[in-house]
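>>> quick one: sequence and predicted model below, then my questions.
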Amino acid sequence: MKRSIFIPFALLIATVVTLVTTDAAARAANLPRCGTKITDRFACKKDWTVLVYMEADNDLFPYALWDLYEMEAAPKTGRLAASSARSDLVVEVNGRDQGDLRLFHVEAQQTPFKKKTFEDFASAGFELVKSPMVARYSGTDSSTERRLTRFLKLGAAAYPADHYLVVMWGHGEGWRGRKKSDFGGIGYSETRNSWLRIPALAKALRVFKKETGQAIDLYYADACLMQTAEVLTELAPNVKYLAGTSQIQDYQGYPYRTLMYAINTPALGAPKRDQARSLARLMPKLFKLSYNATNGYQSNQASNESTTRYLTSSSVASEQWLSEVIPSLTKLSGSLGRYFADDPVRRANFTAAIAAVAMLEGQTQDLNLLFGQLRLFIGLDAQRTGPSSLGNELLTDLESAMQSVNRSTLAANFGTLYEFDPDFVTAGVKPSGVSIWLPLSKADFKKRRKDFEISRFYRRTGWSLWLDTLHQD
């Protein structure tokens with residue numbers, strides 16, 4: 001077994017100073033590859049560093065232990081699900097015992113992997129984790145934003161790599177811009193009774209990019225409802241690829257064992273291969289396969305039938321999202337506003353129509369399904385009023401927006417609900433795996449409008465203008 005390289009806490013803190021006061025990008029570029037002769041992890045770099053921040057100061061703590069068990073259980077046929085010669089897996093867990101925050105360098109153990117159930121972890125504590133604990137401190141000493149920023153700095157400084165995967169793990173409710181909002185955010189902390197706001201998450205990722213000299217290669221939200229247009233637009237400037245789910249997901253979340261198998265496979269680093277893009281394309285597939293009733297290693301849960309029905313998972317290329325999707329949605333916002341401003345009956349009919357269709361949780365709708373619903377509505381409305389130039393303009397902009405969303409989407413996988421349920425099969429349109437907030441009434445829009453209007457997405461696209469038109473008296 002590979003020998004553990006323990007990094008003392010004091011030395012870790014010192015590396016933060018080094019990272020801030022030196023050219024971290026130049027330092028990393030000049031480092032040699034890690035090998036058997038190098039025992040100082042600061043002095044070499046690997047292909048990947050995977051940084052997982054687990055906000056488990058809540059009912060998810062047993063699932064955090066479950067994921068850690070999957071990561072560090074003994075290798076299978078030579079495949080490592082933990083740190084290896086190619087990668088480091090570093091996990092910070094905010095536990096449920098009054099903010100007990102621990103940092104682990106996850107390493108393979110001798111215990112063979114076996115399928116487990118929730119009961120195996122329900123009453124357990126950190127004693128189940130066998131990997132070396134690099135640091136421990138109080139989870140109540142600072143905000144989630146500051147703790148996450150510190151963790152990312154430590155991870156980049158202590159474990160230099162060519163590529164970084166950052167995972168934000170915990171409860172999720174989609175967009176939250178203001179502290180006073182009563183819905184949204186990621187990483188709920190029970191002790192603090194607070195959520196991490198999305199602009200604060202974006203700031204932590206931005207600090208990482210600024211101080212390391214490189215964007216995060218891949219960001220994954222292992223939480224419900226986070227693959228939304230508003231969240232993606234906020235995070236995209238600091239990340240190359242973004243992945244996650246637009247719907248509620250099972251508490252067991254992402255299959256880290258098969259994820260690390262993929263990262264530790266030499267084929268991922270084949271010459272001329274874009275490793276980050278390849279991994280981003282693979283992640284939605286791994287998520288769905290893990291819940292397969294026949295051979296998925298996360299398929300032994302009582303909730304598996306519901307999980308495979310509601311599952312959504314997608315990955316998006318940030319550059320295309322910002323350069324193609326945002327301009328197309330900006331144009332679409334204008335044509336939507338003109339279309340609905342023209343006819344109060346049309347507005348009333350559309351609000352009634354969307355109130356009658358199936359939606360995702362959090363009052364959101366998949367982008368492509370929304371486009372399909374709009375396309376159907378334009379056809380029906382034309383039967384009432386006759387064809388119109390505004391309707392034709394909107395159809396053109398809808399098609400352009402759908403194509404840009406599809407081009408930016410690297411991969412998407414869905415449960416049976418989105419393949420066979422007539423409520424979600426709209427005129428042959430396949431879902432995109434990215435959702436958007438769609439308030440069903442004037443009261444709903446008014447309640448959360450200010451929270452959404454501070455988002456980069458609303459500022460860039462003027463999206464609130466057509467919603468304002470739709471819900472006017």
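Good, I have the coordinates.
>>> from now on I want contacts and neighbour counts done on CA atoms only, so please keep to that.
OK.
>>> mind giving me the domain ranges of this protein?
With domains defined by automatic domain parsing, the chain comprises 9-310, 321-408+427-470.
>>> rebuild these as CSV, extending it with mean neighbour count.
Output for these, formatted as CSV (neighbours: other Cα atoms under 10 Å):
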stretch, mean neighbour count
domain 9-310, 19
domain 321-408+427-470, 18
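>>> what's stretch 318-332 in contact with?
With contact meaning Cα atoms under 8 Å, 6 or more residues apart in numbering, stretch 318-332 is reached by 232-233, 236-237, 239-242, 394, 397-398, 400-401, 404-405, 407-408, 457, 460-463.
>>> among those residues, which are in strands?
Filtering the contacts of stretch 318-332 for membership in strands, criterion DSSP state E, returns Val239, Lys240, Tyr241, Leu242.
>>> do a quick rundown of the helices in the stretch 351-473 of the chain.
With DSSP state H, counting those that start in this stretch as the definition, the stretch 351-473 of the chain shows helices at residue ranges 367-385, 389-408, 417-420, 442-453, 456-461, 463-470.
>>> how close does Leu205 get to Glu211?
10 Å (Cα to Cα, to the nearest Å).
>>> mean pLDDT lowest where, among the domains of the chain?
When those are ranked by mean pLDDT, domain 9-310 comes last with a mean of 88.
>>> excluding chain neighbours, what is closest to Val239?
The shortest distance from Val239 to any non-neighbouring residue, by Cα to Cα, 6 or more residues apart in numbering, is to Ile216 (4.7 Å).
>>> surely the one you found is in contact with Leu165?
Yes - if you go by Cα atoms under 8 Å, Ile216 and Leu165 touch, sitting 6.7 Å apart.
>>> ok but Lys46 is inside a helix, no?
No - counting by DSSP: H, G, I helix; E, B strand; the rest coil, Lys46 falls outside a helix, being strand.
>>> phi first, then psi, for the residue nearest to it when sequence neighbours are not counted.
Nearest non-adjacent residue to Lys46, counting by Cα to Cα, 6+ apart: Ala161, 4.7 Å away. The phi/psi pair for Ala161 (degrees, to the nearest 10) reads phi -150, psi 160.
>>> check contacts around Ala161.
For Ala161, the contacting residues are Ala28, Lys45, Lys46, Asp47, Trp48, Thr49, by Cα under 8 Å, 6+ apart.
>>> for the second one, give me its contacts.
This means Lys45. So Lys45 contacts Ala28, Leu31, Pro32, Arg33, Cys34, Tyr159, Pro160, Ala161, Asp162 (Cα under 8 Å, 6+ apart).
>>> and with 7 Å instead?
Going by Cα atoms under 7 Å, 6 or more residues apart in numbering, Lys45 touches Leu31, Pro32, Arg33, Cys34, Tyr159, Pro160, Ala161.
>>> farthest-apart pair in those residues, please.
Distance extremes for those: the farthest pair is Pro32 and Tyr159 at 12.7 Å, using Cα to Cα.
>>> if we can go back for a sec, possible to save the domains of the chain as CSV with distance to Asp421?
As requested, the domains of the chain are exported to CSV (distance: least, Cα to Cα, whole Å):
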stretch, distance to Asp421
domain 9-310, 10
domain 321-408+427-470, 10
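>>> any idea how far Glu453 is from Arg459?
Taking Cα to Cα as the measure, Glu453 falls 7 Å from Arg459.
>>> do Thr228 as well
Relative to Arg459, and taking Cα to Cα, Thr228 is found at 16 Å.
>>> got it, and Thr307?
If you go by Cα to Cα, the gap between Thr307 and Arg459 works out to 35 Å.
>>> how about Pro255?
Taking Cα to Cα, one finds Pro255 at 35 Å from Arg459.
>>> what of Lys153?
When distance is defined by Cα to Cα, Lys153 is 30 Å away from Arg459.
>>> do the same with Lys331
From Lys331 to Arg459 the distance is 13 Å (Cα to Cα).
>>> repeat that for Thr191.
Counting by Cα to Cα, the gap between Thr191 and Arg459 amounts to 33 Å.
>>> for Trp195, phi and psi?
Per-residue torsions, Trp195: phi -110, psi 150 (degrees, to the nearest 10).
>>> correct me, but it touches Ser189?
Yes - contact status for Trp195 versus Ser189: in contact at 6.4 Å, counting by Cα atoms under 7 Å.
>>> confidence score at the nearest residue to Ser314 once chain neighbours are set aside?
Spatial nearest neighbour of Ser314, excluding adjacent residues (Cα to Cα, 6+ apart): Ala412 at 4.1 Å. pLDDT, Ala412: 97.
>>> next up, the contacts around Ala412.
Pro284, Ser313, Ser314, Ser315, Ser432, Gly433.
>>> tell me which element Val134 falls in.
Here Val134 sits within strand 133-138, counting by DSSP states H and E.
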